[in-house]
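# Provided below for reference: sequence and predicted model.
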Amino acid sequence: MKATLAPSSLISLPRHKVSSLRSPSLLLQSQRPSSALMTTTTAASRGSVAVTAAATSSVEALREGIAEFYNETSGLWEEIWGDHMHHGFYDPDSSVQLSDSGHREAQIRMIEESLRFAGVTEEEKKIKRVVDVGCGIGGSSRYIASKFGAECIGITLSPVQAKRANDLATAQSLSHKVSFQVADALEQPFEDGIFDLAWSMESGEHMPDKAKFVKELVRVAAPGGRIIIVTWCHRNLSQGEEALQPWEQNLLDRICKTFYLPARCSTSDYVDLLQSLSLQDIKCADWSENVAPFWPAVIRTALTWKGLVSLLRSGMKSIKGALTMPLMIEGYKKGVIKFGIITCQKPL
Ligand code: SAH
């Protein structure tokens with residue numbers, strides 16, 4: 001299954017918001033047109049019905065691609081790295097060679113640092129209901145449920161992940177607090193205004209429509225609720241710069257194709273989006289230096305005997321993923337990829 005693009009019509013910022021974006025990259029930095037997008041564009045001249053059909057099938061193909069990717073790769077990741085499918089947070093320039101458990105602690109630290117950055121740790125009594133958008137196998141939900149005594153609902157596109165997440169919740173006697181289901185972050189099956197915390201740990205990368213993704217987080221957040229988006233982005237464009245350099249686009253294209261990342265943006269694009277929705281206490285930070293040891297460590301574990309055997313058993317998507325890891329390191333080293341946290345509060 002090839003990653004397909006959401007047509008640009010689905011990256012649906014209203015026109016006035018588009019022009020207010022400091023950088024139009026939210027709309028422009030999608031992967032180069034795939035045949036799916038071409039079909040849509042050609043169809044556009046023939047009528048809107050054809051456009052809608054092509055758009056729908058392209059979105060469905062993307063959802064399917066992401067689901068299959070995680071159906072295939074989650075078991076391998078869990079076997080080697082445990083139940084958190086995200087970067088660890090490290091002290092910058094730390095030269096200590098960490099053990100496996102040290103890296104797992106760094107992943108927990110990522111959750112803790114994110115909550116602290118967003119000011120949630122001081123308000124923990126207020127956190128009663130949490131949505132974990134793009135929940136993987138539920139590591140964040142179970143951690144947050146245990147920490148705050150909160151109820152967490154996680155959504156993922158992968159049925160394999162949802163089942164595993166629920167099984168782990170049962171095994172850890174947390175099934176009265178946390179549950180997981182297959183649902184799309186862009187059409188969340190929840191009422192408006194019900195979550196004290198809307199949490200997205202490294203799922204924003206997969207969203208074909210960042211504006212819709214953010215709007216859904218805001219819609220389901222309760223008044224006064226916090227929104228936390230932790231995600232890797234491309235670098236912010238400088239003043240007057242219209243797009244990334246061709247070599248940067250090329251590098252990102254190769255990564256995005258393997259990992260099913262249909263559209264990309266910078267952290268300042270996210271900030272602009274949150275500002276356009278009149279959210280409060282908007283904050284962002286660049287944590288690229290804090291995640292630097294992560295991918296080299298993942299590569300080291302993949303190159304162990306156990307890692308290699310598991311990789312070969314897991315299948316082509318995992319192998320392609322592993323071969324793409326050095327590009328992530330290159331992206332960080334060259335400053336094209338930035339690891340960011342963006343947080344805000346929904347007004348009361
Ligand atoms: N947050 C988890 C997993 C990160 S992996 C963790 O930190 O462990 C990315 C996750 O995003 C996967 O679970 C994938 O299914 C989910 N995802 C990607 N696109 C999605 C979408 N449109 N709707 C819901 N989940 C999505």
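Structure's in. What do you need? Numbers count the residues shown, from 1 in each chain.

# so what's the closest residue to Thr73 other than its chain neighbours scoring on pLDDT?
Closest residue in space to Thr73, ignoring its immediate chain neighbours: Ser318 at 4.8 Å, by CB to CB, 6 or more residues apart in numbering. All C-beta atoms are positioned from the backbone trio N, CA, C, and that covers glycine. For Ser318, the pLDDT comes out at 80.

# just Pro262 next, same as before
For Pro262, the model assigns a pLDDT of 89.

# a strand runs through it, doesn't it?
No - under the criterion used here (DSSP: H, G, I helix; E, B strand; the rest coil), Pro262 is coil, not part of a strand.

# before we move on, could you check phi and psi at it?
Main-chain torsions, Pro262, degrees, to the nearest 10: phi -80, psi -20.

# thought Arg63 was touching it, still the case?
No - with contact defined as CB atoms under 8 Å, Pro262 and Arg63 do not form a contacting pair (10.4 Å).

# mind checking which of the two has more residues around it?
Neighbour totals were compared for Pro262 and Arg63, and Pro262 leads with 26 against 18 (other CB atoms under 10 Å).

# any idea how far the nearest residue to the more buried one once chain neighbours are set aside is from the ligand?
Nearest in space to Pro262, with sequence neighbours left out and distances taken as CB to CB, 6+ apart, is Pro208 at 4.3 Å. Using CB to the nearest ligand atom, to the nearest Å, Pro208 is found at 8 Å from the ligand.

# state the helix or strand in which Pro208 lies.
Assessed by DSSP states H and E, Pro208 sits outside every helix and strand.

# I'd assumed Cys233 was in contact with Glu202.
No - in this structure, Glu202 is not within contact of Cys233 by CB under 8 Å, at 11.1 Å.

# neighbour count: these two, which is higher?
Cys233 (27 against 19).

# can you map out the strands along this structure?
For the chain, the strands defined by DSSP state E cover 129-133, 151-156, 178-182, 195-201, 221-234, 280-286, 337-345.

# same list, those, but as CSV with mean pLDDT and distance to the ligand please.
Shown next, in CSV, are the strands of the chain (pLDDT from 0 to 100; distance: least, CB to the nearest ligand atom, whole Å):
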stretch, mean pLDDT, distance to the ligand
strand 129-133, 98, 6
strand 151-156, 98, 4
strand 178-182, 98, 8
strand 195-201, 98, 4
strand 221-234, 97, 8
strand 280-286, 97, 18
strand 337-345, 97, 13
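
# which of these sits closest to Val59?
Ranking the strands of the chain by their distance to Val59 (criterion: CB to CB) puts strand 178-182 first, at 15.4 Å.

# direction included, what does the closest one pair up with?
When pairing is defined by DSSP bridges, strand 178-182 lines up against strand 151-156 (parallel).

# so what touches the strand it pairs with?
By CB atoms under 8 Å, 6 or more residues apart in numbering, the surrounding residues in contact with strand 151-156 are 70, 128-136, 138, 140-142, 144-145, 162, 165, 177-185, 188-190.

# which among the residues you listed count as buried?
Buried residues within these, counting neighbours by 16 or more other CB atoms under 10 Å: 70, 129-136, 138, 140-142, 144-145, 162, 165, 177-180, 182-185, 188, 190.

# how close does the spatially most central residue of the chain get to Cys135?
By CA atoms, centre = their mean, the chain has its centre lying nearest to Ser203, at 1.7 Å. Per CB to CB, to the nearest Å, Ser203 is found 8 Å from Cys135.

# cool, and Ser276?
Distance from Ser276 to Cys135, by CB to CB: 27 Å.

# got it, and Gly119?
For Gly119 relative to Cys135 (CB to CB), the value is 22 Å.

# how about the residues of the stretch 151-300 of the chain that lie near the ligand?
Proximity of the stretch 151-300 of the chain to the ligand, by CB under 6 Å from any ligand atom, involves residues 155-158, 161, 184-186, 201-203, 206-207.

# what's the local residue count around Asn71?
Neighbour number of Asn71 under other CB under 10 Å is 17.

# cool, and Ser175?
14.

# quick check: pLDDT value at it.
At Ser175, the pLDDT value in this model is 96.

# which non-adjacent residue is nearest it?
Ranked by CB to CB, 6+ apart and with sequence neighbours excluded, the top spatial neighbour of Ser175 is Ala169, at 4.6 Å.

# tell me the contacts of the one you found?
Ala169 is in contact with Gly138, Ser141, Arg142, Ser175, Lys177, Val178, Ser179, Phe180, counting by CB under 8 Å, 6+ apart.

# surely the third one and His84 touch.
No - taking CB under 8 Å as the contact criterion, Arg142 and His84 are not neighbours in contact, 9.9 Å apart.

# report the buried residues of stretch 306-318.
By neighbour count with 16+ other CB under 10 Å, stretch 306-318 contains the buried residues Gly307, Ser310, Leu311, Ser314, Lys317, Ser318.

# quick one: the first one from Ile299, how far?
Here Gly307 is placed at a distance of 9 Å from Ile299 (CB to CB).

# OK, contacts around the closest residue to Ala145 other than its chain neighbours?
Closest residue in space to Ala145, ignoring its immediate chain neighbours: Lys177 at 4.3 Å, by CB to CB, 6+ apart. The neighbours of Lys177, taking CB under 8 Å, 6+ apart as the test, are Ala145, Gly149, Ala150, Glu151, Cys152, Ala169.

# let's see that with 10 Å instead.
Lys177 makes contacts with Val130, Ser141, Arg142, Ile144, Ala145, Ser146, Phe148, Gly149, Ala150, Glu151, Cys152, Ala169, as judged by CB atoms under 10 Å, 6 or more residues apart in numbering.
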